[in-house]
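**Student:** predicted model and sequence follow; I will ask about them next.
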Amino acid sequence: MNARSILEKLVSFPTVSTESNLELIGWVEEYLKSLGVASTIVPSADGKKAQLYAHVGPEVEGGVVLSGHTDVVPVAGQAWDTDPFTVVERDGKLFGRGTCDMKGFDALALAAVPLALERGIKRPLQIALSRDEEIGCIGAPEMIDHMVASGMPRASMAVIGEPSMMKAVTGHKGGCGYHTHIHGFEVHSSLMHTGVSAVHEAAKLITWADEMNAANAAKAPSAVDAMFEPPWSSAHVGVISGGTANNITAKDCTFVMGFRVLPSESHAEWLQAYEARVREVEAEMQAVVPETRIELREVFNVKGLRPEEDGQAEALVRRLTGDNGSHVVSYGTEAGQFQERGYSAVVCGPGNIAQAHQPNEFVSVAQFEAGWKFMEDLVEDLAT
């Protein structure tokens with residue numbers, strides 16, 4: 001199978017993060033088996049999803065991991081002109097959910113396997129396909145840890161194929177967040193001073209986020225931080241829910257307070273700062289009604305990617321693509337999780353991130369072809 005036919009097959013599996021990806025993983029396992037390549041399946045705790053990795057080539061260290069995720073974001077509520085789970089080519093573009101983010105790269109990586117076998121590579125190629133990237137990169141750490149502990153020869157580099165227009169992205173922000181549940185106390189709003197409105201208390205925390213954003217924006221960034229857009233860490237609430245009626249103080253309010261954190265800053269410090277403000281607000285609530293409280297639950301914690309000094313993965317991608325520019329992004333990937341576990345990591349994949357998650361998502365044919373040229377050159381590099 002060529003890369004295009006593999007892409008069509010991968011897109012046909014509706015692996016929205018709320019659903020299982022087991023059919024896709026099973027298909028990849030059989031595809032690799034047909035090439036004589038064994039793969040390792042890492043199931044989720046509930047058995048409804050799985051991850052897969054495989055080793056191609058000689059049993060030596062120093063190879064390259066091609067890393068991608070198998071899940072996609074929902075299509076519900078989006079106005080698509082075509083079936084989201086069928087690849088349609090039109091006007092030099094390949095439309096379909098995941099063609100850009102990031103089944104296009106997954107297909108290219110899998111298509112490189114028979115090429116690597118035919119060429120007789122001297123350094124190994126490894127494939128790593130994760131789950132649940134779109135809901136906080138929660139699957140990859142377990143998969144990478146499994147790879148490291150498996151006894152499989154350790155690769156030295158990881159190329160994470162998120163859409164970067166085939167540029168070498170050497171840094172990205174991390175992300176972390178707390179699901180926040182404010183338990184207030186209901187009274188008639190005419191007597192609101194005797195109750196605690198969970199919605200009003202939530203507003204205090206969102207105001208805190210705005211104040212933190214303003215303070216960060218006012219700081220002079222370092223030379224590395226200045227490469228990011230924006231060049232500061234930020235706090236954000238995207239969805240909020242609470243209240244019963246207009247004339248009742250809200251008993252409950254829930255939201256996720258999320259942070260996009262520069263690689264130079266500590267996730268722990270951001271979460272601790274938020275926790276400190278939460279406890280201040282909680283104390284104010286309990287001074288009115290003692291049984292009120294604020295409950296926090298960490299929902300994601302994704303490491304940023306730090307630019308590496310003399311990074312092997314960066315050097316590889318620059319050598320193969322000819323890209324000499326400096327590129328960092330504000331979206332998160334699994335690259336920082338590979339880096340945290342000792343791999344030299346870089347982000348490089350076909351497509352434009354602006355197309356990710358959109359209705360009528362697409363990767364251009366030109367970008368897909370550029371991705372295949374990268375795979376051909378990578379295999380040749382591993383064979384020499």
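**Tutor:** Looks like it arrived, so ask away. For clarity, every value in this text was computed on a predicted model and none was experimentally measured.
**Student:** quick one: the helices in the stretch 1-150 of the chain?
**Tutor:** 3-12, 22-34, 103-119, 140-149 (DSSP state H, counting those that start in this stretch).
**Student:** and of those, who's closest to Leu262?
**Tutor:** Put simply, out of those the one that sits nearest Leu262 is helix 140-149, at 20.7 Å, with distance taken as C-beta to C-beta. C-beta here means a position set from N, CA and C on the backbone, and glycine is covered the same way.
**Student:** tell me how this structure divides into domains.
**Tutor:** What automatic domain parsing lists as the domains of the chain is 3-171+304-383, 174-302.
**Student:** deepest of those domains, which one?
**Tutor:** Among these, domain 3-171+304-383 has the highest mean neighbour count (mean count of other C-beta atoms under 10 Å), at a mean of 20.
**Student:** thinking again about what came up before, which among the helices of the stretch 1-150 of the chain is found nearest to Pro43?
**Tutor:** Going through the helices of the stretch 1-150 of the chain one by one, with C-beta to C-beta as the measure, helix 22-34 comes closest at 8.6 Å.
**Student:** list the contacts of that closest one.
**Tutor:** With contacts defined as C-beta atoms under 8 Å, 6 or more residues apart in numbering, helix 22-34 is touched by 1, 6, 9-10, 13, 15, 38-39, 41, 48-52, 54, 70, 110, 113, 127, 129.
**Student:** of those, which belong to strands?
**Tutor:** When DSSP state E defines the strands, the subset of the contacts of helix 22-34 inside them is 39, 41, 50-52, 54, 127, 129.
**Student:** run through the neighbouring helices and strands of the lowest-mean-pLDDT helix or strand in the chain.
**Tutor:** Here the helix or strand of the chain ranked lowest by mean pLDDT, DSSP states H and E is strand 327-329, holding a mean of 92. Of the remaining helices and strands, those touching strand 327-329 by 3 or more C-beta pairs under 8 Å, 6 or more residues apart in numbering; DSSP states H and E are strand 169-172.
**Student:** just the CA coordinates of the strand it packs on, formatted as CSV?
**Tutor:** What follows is strand 169-172, C-alpha atoms only, in CSV (Å, rounded to 0.1, in the frame of the first residue of the first chain):
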residue,chain,number,x,y,z
VAL,A,169,9.8,23.3,15.2
THR,A,170,12.2,23.2,18.1
GLY,A,171,10.0,24.6,20.9
HIS,A,172,6.4,24.8,22.0
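**Student:** what residues does it touch?
**Tutor:** For strand 169-172, contacts defined as C-beta under 8 Å, 6+ apart pick out 162, 224, 227-228, 263, 304-308, 311, 314, 326-333, 335-336, 346-348.
**Student:** quick check: mean pLDDT of whichever helix or strand comes after that strand?
**Tutor:** Note on strand 169-172: by DSSP states H and E, the next helix or strand toward the C-terminus is strand 174-183. In this model, strand 174-183 has a mean pLDDT of 95.
**Student:** what are the pairing partners of strand 174-183, and which direction each?
**Tutor:** strand 252-261 (antiparallel), strand 293-302 (antiparallel) (DSSP bridges).
**Student:** for these, which one sits closest to Asp210?
**Tutor:** With respect to Asp210, and counting by C-beta to C-beta, the nearest of the strands paired with strand 174-183 is strand 252-261 at 11.8 Å.
**Student:** what's in contact with the helix or strand that comes right after the closest one?
**Tutor:** Using DSSP H and E, the helix or strand that follows strand 252-261 in sequence is helix 267-288. Applying C-beta under 8 Å, 6+ apart, the set of residues contacting helix 267-288 from outside is 174, 176, 178, 180, 182, 184-185, 193-196, 201, 204-205, 208, 212, 233, 235, 257, 259, 261, 292-294, 296, 298, 301, 303.
**Student:** now helix 267-288, how far from the chain's geometric center?
**Tutor:** Shown here is helix 267-288, whose average C-alpha point lies 28 Å from the average C-alpha point of the whole chain (C-alpha atoms, centre = their mean, to the nearest Å).
**Student:** pull the contacting residues for the residue nearest the centre of the chain.
**Tutor:** In the chain, the C-alpha nearest the mean C-alpha coordinate belongs to Thr333, at 3.9 Å (C-alpha atoms, centre = their mean). Shown here is Thr333, whose contacts under the criterion C-beta under 8 Å, 6+ apart are 133, 137, 160, 162, 172, 305, 347.
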